[in-house]
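Chemist: give me a 3D structure for the following:
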Amino acid sequence: MVSGRPETTEGATTDPLLAPAASACHRKTSRAEDGALQVLPSRLVVPIDELEARAARPRKPLELETAGGGVASHPPAAPPAAAGMSHPGSLSRLTDGGRRIDMMRWLLRKGIEKFERDWNYDASYMRDMVDASPRAAWLFARAAALGRFRRDIPIEAWCAAGITAVRHEDCGPCTQLGVTMAERAGVSPAILRAVLGDNTDAMPPDVALVWRFTRATLAHDPAADEYREVIVKRWAAEPS
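Modeler: Numbering: from 1, shown residues only. Presented below is the predicted three-dimensional model:
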């Protein structure tokens, strides 16, 4: 009977074009019985131990015929992805480290922007430090935080010391920032005018004492030791 399709016997095709493929599939199926290979629809799965054995097997040099009729041997080229996958753990750590640095930069910049808005102050130097090294900027901020420790010293005397120090360094924006912070902390304008004008007669005794100690320290004047003893007796007699 002619049906337009190749005749089959017990599931085997007789089409000469499809016979090699059918034979190969039959061979793969028969090998699957001993557990060496498995046959799945449209996919051949090789056991992992066999793949590792193949990978460990030395590869033969590639032989190419030369123009003179001879044979030239070339070592097999390494797979392109081998170099990139040689240290996946190190690459992961580098990637995670880069993300942490980016996050630190973002947080520091946000903090700088808020500081500038709150105090109307240009902190461009801090942005430069963040761009160069976020860790250095973070450590600098931690060191600067030491200046906020005042324990039992009155706020007027504490602000007078800071303003006097930045004036000695001839930093106009820093002086303005110190005055603004002192005003918001409740220091009276009269005391601030006396400090800015170096008028000790208009300063309260505590403020005048700290002003003299700060000026003597900046000038490396030995008189700073005498002022220091008075300050310690007045405000640091009891640890806190």
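Chemist: please enumerate the strands of this structure.
Modeler: For the chain, the strands defined by DSSP state E occupy 8-9, 12-13, 38-40, 43-45, 62-65, 71-74.
Chemist: which ones are touching the closest residue to residue 212 other than its chain neighbours?
Modeler: Computed as C-beta to C-beta, 6 or more residues apart in numbering, the closest residue to residue 212 that is not its neighbour in sequence is residue 227, at 5.6 Å. Bear in mind the C-beta positions are built from the backbone N, C-alpha and C, glycine included. Contact analysis of residue 227 by C-beta atoms under 8 Å, 6 or more residues apart in numbering lists 209, 212-213, 216.
Chemist: check residue 176 too.
Modeler: Going by C-beta under 8 Å, 6+ apart, residue 176 touches residue 121.
Chemist: same check on residue 184?
Modeler: No contacts exist for residue 184 under C-beta under 8 Å, 6+ apart.
Chemist: go ahead and confirm residue 181 touches residue 155.
Modeler: No: the criterion here is C-beta atoms under 8 Å, and residue 181 misses it with residue 155 at 10.2 Å.
Chemist: quick one: which of those two has more around it?
Modeler: residue 181 (15 against 12; other C-beta atoms under 10 Å).
Chemist: measure the spatially closest residue to residue 189 that is not a sequence neighbour to residue 170 for me?
Modeler: Take residue 189 and drop its neighbours on the chain: the residue closest to it by C-beta to C-beta, 6+ apart is residue 183, 7.4 Å away. Applying C-beta to C-beta, to the nearest Å, the value for residue 183 to residue 170 is 22 Å.
Chemist: who has more neighbours out of these two?
Modeler: Comparing residue 183 with residue 170 by neighbour count (other C-beta under 10 Å), the higher total belongs to residue 183, at 13 against 8.
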